[in-house]
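Novice: curious how this folds, go ahead:
(chains A and B)
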Number of protein chains: 2
Amino acid sequence: MFTERVQSRAAKREATRLRVLASAERLFREQGFGSSTIRQIATDAEVSTGTVMSVGDKDALLIAIFDTWIAAVHHGREAEHERGDRTPLSPDSAARKILDLVEPFISYFALDIELSREYAAVIVRGTHESEVFQALARALLTELETLLARTPLSATAAGGGARTLYFAYLGILMTVGNGALDQRGAIAQFQEVIHFVVDHEGTQR
Amino acid sequence: MFTERVQSRAAKREATRLRVLASAERLFREQGFGSSTIRQIATDAEVSTGTVMSVGDKDALLIAIFDTWIAAVHHGREAEHERGDRTPLSPDSAARKILDLVEPFISYFALDIELSREYAAVIVRGTHESEVFQALARALLTELETLLARTPLSATAAGGGARTLYFAYLGILMTVGNGALDQRGAIAQFQEVIHFVVDHEGTQR
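Specialist: Predicted structure coming up:
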């Protein structure tokens, strides 16, 4: 009984959290991050401003929206990852699979560039914790390393290559935020980086 | 006469600009970016608040401080760059020289991490132009590519390698801003990326 009630309380809290995040996301995207207020989010989610603030301030809500979405993508790929396909990959197939891993995040980032910039600014400023540099970074790194291990790269190089890809991906997103690269430019640039990393045969003169 | 007077007016304006930037930097570093006001900067630089605002708002001043410093580093290296040393480099020497190119920027960024985070947040948000994604990016890319051209990498790979290093460097700085890497960790991580890029012999199994 006691356990059930605790679970149901936790489930109720989680449902409220998700409703607050959904309202915040809708308002941020419809009327802009700067123009949205905690009061509007509370009204939209049919909760008190105190309940919204218990989920987080505007910056924290923005991080939770992005982090939750990114986590869902990784979670959805876990089944595939756990099937543990170890078939060797040609550099070209590996490059295509790596782009497939990262492309959803670039597209999501480009979907509402104004909001993505605010998100990037908050996580760079470091005032709010984001799973994007912790568990979500590890999830992406594991996915990248598992793919690189199926190419002719050595095990050490697969680790270094995965981290090179990961940091270059962050740098490219940062450049998209600033506006110096658009979505198409970002994908083309990431393709060049991927080919440089996986296609070692072609890089020696 | 006319030309001289124009030059002297431009020189005077530049001197004022530099005095405003120096005051802004001192106040930002001493009392924090958030706590510093345009009025305090004006008082410190002995100019009107209108003169400070003609140089820029607080975000623009912060970008100008960082961009001016970065530009000065590149400018100081131009002479060396133009000597045009084309001696072939071993992967290890190339790796050392690449770290030497980037290390000053990582150290500057780590010098006052709070202020660097504010800078990164402003440039990521894209509301203010920064030379860091334009002329300064090109300067660093040229320096990196010139070094990689002296390694056994092919000419195409030297270009791809330089861009891979550049974007990974941005991604690493972004991670330092968030606090997930410290200065030492950033340098160690960048070293791994550099070795992955220059040392292709060792990466094939």
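Novice: C-alpha only now, for contacts and for neighbours.
Specialist: Noted.
Novice: output the longest helix belonging to chain A.
Specialist: Ranked by residue count and defined by DSSP state H, the top helix of chain A is helix A:2-31.
Novice: who are the packing partners of that one?
Specialist: If you count contacts as 3 or more Cα pairs under 8 Å, 6 or more residues apart in numbering or on different chains; DSSP states H and E, helix A:2-31 packs onto helix A:38-45, helix A:49-55, helix A:58-83.
Novice: before we move on, what SS does A:Gly34 have?
Specialist: Look at A:Gly34: counting by DSSP: H, G, I helix; E, B strand; the rest coil, its state is coil.
Novice: what is the neighbour count of the closest residue to it other than its chain neighbours?
Specialist: Sequence neighbours aside, A:Phe28 is the residue nearest to A:Gly34 in space, at 7.9 Å (criterion: Cα to Cα, 6 or more residues apart in numbering or on different chains). Per other Cα atoms under 10 Å in any protein chain shown, the neighbour tally for A:Phe28 reads 21.
Novice: report the contact partners of A:Phe28.
Specialist: A:Phe28 makes contacts with A:Gly34, A:Ser35, A:Ser36, A:Leu115, as judged by Cα atoms under 8 Å, 6 or more residues apart in numbering or on different chains.
Novice: retrieve the pLDDT associated with it.
Specialist: pLDDT, A:Phe28: 97.
Novice: okay, which residue is most central for chain A?
Specialist: Centrality entry for chain A: nearest residue to the mean C-alpha point is A:Ile70, 3.7 Å, by Cα atoms, centre = their mean.
Novice: show me what contacts that residue?
Specialist: A:Ile70 neighbours (Cα under 8 Å, 6+ apart): A:Phe105, A:Leu136.
Novice: out of the contacts of A:Phe28, which comes closest to B:Ala22?
Specialist: Closest approach to B:Ala22 among the contacts of A:Phe28 (Cα to Cα): A:Gly34, at 30.9 Å.
Novice: what is the neighbour count of that closest one?
Specialist: 10.
Novice: how near is it to chain B?
Specialist: Distance of A:Gly34 to chain B, computed by Cα to the nearest Cα, to the nearest Å: 12 Å.
Novice: same check, this time on A:Glu30
Specialist: Distance, A:Glu30 to chain B, using Cα to the nearest Cα: 19 Å.
Novice: do the same with A:Val73
Specialist: On the measure of Cα to the nearest Cα, A:Val73 and chain B end up 21 Å apart.
Novice: OK, contacts around that residue?
Specialist: If a contact means Cα under 8 Å, 6+ apart, then A:Val73 has no contacts.
Novice: what separation is there between it and A:Phe66?
Specialist: Remark: distance between A:Val73 and A:Phe66 (Cα to Cα, to the nearest Å) = 11 Å.
Novice: how about stretch A:145-152 as PDB, C-alpha atoms only?
Specialist: Written as PDB, here are the backbone C-alpha positions of stretch A:145-152 (Å, rounded to 0.1, in the frame of the first residue of the first chain):
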ATOM      1  CA  GLU A 145      32.700   4.500 -30.500                       C
ATOM      2  CA  THR A 146      30.700   1.300 -31.200                       C
ATOM      3  CA  LEU A 147      30.300   2.300 -34.800                       C
ATOM      4  CA  LEU A 148      34.000   3.300 -35.200                       C
ATOM      5  CA  ALA A 149      35.000  -0.100 -33.700                       C
ATOM      6  CA  ARG A 150      33.500  -1.700 -36.700                       C
ATOM      7  CA  THR A 151      35.800   0.200 -39.100                       C
ATOM      8  CA  PRO A 152      39.500  -0.600 -39.700                       C
END
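Novice: close to chain B, is that stretch?
Specialist: Yes. Stretch A:145-152 is in contact with chain B by Cα under 8 Å from any Cα of the partner chain, via A:Pro152.
Novice: how distant is that stretch from the center of its chain?
Specialist: Relative to its chain's centre, stretch A:145-152 lies at 21 Å (Cα atoms, centre = their mean, to the nearest Å).
Novice: what sits up against that stretch?
Specialist: By Cα under 8 Å, 6+ apart, stretch A:145-152 touches A:86-91, A:94, A:97-98, A:155, A:158-159, A:161-162, A:198, B:204-205.
Novice: tally of neighbours for A:Thr87?
Specialist: Neighbours of A:Thr87 under the rule other Cα under 10 Å: 10.
Novice: in contact with A:Glu129, which residues?
Specialist: A:Ile123.
Novice: mind pulling the model confidence for it?
Specialist: Note for A:Glu129: predicted pLDDT of 83.
Novice: over to it: give its phi and psi.
Specialist: Here is the backbone geometry of A:Glu129 (degrees, to the nearest 10): phi -70, psi 140.
Novice: what's the answer for the one 5 residues further on, then?
Specialist: Dihedral angles phi and psi of A:Gln134 (degrees, to the nearest 10) take the values phi -120, psi -100.
Novice: need the contact list for it.
Specialist: Taking Cα under 8 Å, 6+ apart, one finds B:Ala180 in contact with A:Gln134.
Novice: distance of it from B:Asn178?
Specialist: Applying Cα to Cα to A:Gln134 and B:Asn178 gives a distance of 11 Å.
Novice: next one: A:Ser35
Specialist: To B:Asn178, A:Ser35 is 25 Å away according to Cα to Cα.
Novice: so between those two, which is more surrounded?
Specialist: Comparing A:Ser35 with B:Asn178 by other Cα under 10 Å, the one with more neighbours is B:Asn178, at 26 against 10.
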